[in-house]
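Q: No letters, just coordinates:
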């Protein structure tokens, strides 16, 4: 299948490890120019850049802070200056909220945790999308994918700030699709399942997650990356405004 991504300028946030790295490298395999977004792990981002270059792609690191609007504007300007006008945005980066304190309830959870998570995990991706759609509109072609989670459909106790923020990406996607699809810009959400990449996990946790998926396996970063690359390619001509699970039909354990 011809994906038509050679020479396209792709911005991937959270691309230093795991799903973000796999996605950046999958675009590099297609000879796209890739901006490898990261927040604090410059060494891991540099490693992703090196791996992308080994695949014949142009790649640069770009530092950004999802909770800082100026940081996002500066990062997009840097990527545009180094690689050119933006064709594809993958909003993959996430700011994980603090774990609930013992005995914490829905009504006693700190409001600051909620607002911080919404700012980073919803407002940040929204501002990034605003910053790049002008380039796409000028070309009459563009693709945006927001990476969410199946927990927005399943729910999970104690994670209201994270799940509420990620849920907002689904509404944002539908609005963007209705407003931008006629200009050639397609927007979708991808929802990975349990992905224990780059993090040591207790074997019993991994096995519980495996058993919760119809496929009998956890989500691998490459599984998600392949879906993202297709949705962001010229091969996708009509899929927009959709929320697509890439989790092996995972049912969140109670």
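A: Done, it's in. Everything numeric here is computed off the predicted structure, so don't read it as measured data. Numbering: from 1, shown residues only.

Q: where does residue 235 land in three-state SS?
A: Put simply, residue 235 is coil when judged by DSSP: H, G, I helix; E, B strand; the rest coil.

Q: can you check residue 60 too?
A: Taking three-state DSSP, the label given to residue 60 is strand.

Q: Quick check: it vs residue 106, distance?
A: From residue 60 over to residue 106 the distance is 43 Å, taken as C-beta to C-beta, to the nearest Å. The way it works is simple: take the backbone N, C-alpha and C, and place the C-beta from them, glycine included.

Q: The two - which one has more neighbours?
A: A side-by-side neighbour count of residue 60 and residue 106, using other C-beta atoms under 10 Å, places residue 60 first with 17 against 9.

Q: which residues sit in contact with that one?
A: Applying C-beta atoms under 8 Å, 6 or more residues apart in numbering to residue 60 gives the contacts 34, 35, 36, 49, 78, 79, 82, 83.

Q: let's see it at 6 Å
A: Residue 60 sits next to 35, 82 when contact means C-beta atoms under 6 Å, 6 or more residues apart in numbering.

Q: That one bridge partners, please.
A: Beta-bridge pairing of residue 60 under DSSP bridges involves residue 35.

Q: Quick one, grab the pLDDT at it.
A: Here, the pLDDT recorded for residue 60 equals 98.

Q: same thing with residue 235?
A: 98.

Q: What's the separation between it and residue 193?
A: Between residue 235 and residue 193 the distance is 24 Å, computed by C-beta to C-beta.

Q: These two: who's more crowded?
A: Set residue 235 next to residue 193 and count neighbours by other C-beta under 10 Å: residue 193 wins out with 25 against 14.

Q: which residues touch the more buried one?
A: 150, 219, 247, 248, 250.

Q: Now those in CSV, please, with extra columns for distance to residue 5 and pLDDT.
A: As requested, those are arranged in CSV below (distance: C-beta to C-beta, whole Å; pLDDT from 0 to 100):
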residue, distance to residue 5, pLDDT
150, 27, 82
219, 23, 78
247, 25, 76
248, 26, 67
250, 28, 71
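
Q: all helices of the chain, in order?
A: Remark: helices assigned in the chain by DSSP state H are 18-29, 42-54, 69-83, 111-118, 124-139, 151-154, 160-180, 203-211, 221-231.

Q: highest average neighbour count across the ones you listed?
A: Ranked by mean neighbour count under mean count of other C-beta atoms under 10 Å, those are led by helix 18-29, which reaches a mean of 26.

Q: Grab the nearest non-local neighbour of residue 150.
A: Among residues not flanking residue 150 along the chain, residue 191 sits closest, at 4.7 Å (C-beta to C-beta, 6 or more residues apart in numbering).

Q: So for residue 240, what's the nearest residue that isn't a sequence neighbour?
A: The shortest distance from residue 240 to any non-neighbouring residue, by C-beta to C-beta, 6+ apart, is to residue 186 (4.0 Å).

Q: Relative to residue 8, how far out is the residue nearest to residue 150?
A: In this view, residue 191 and residue 8 are 24 Å apart by C-beta to C-beta.
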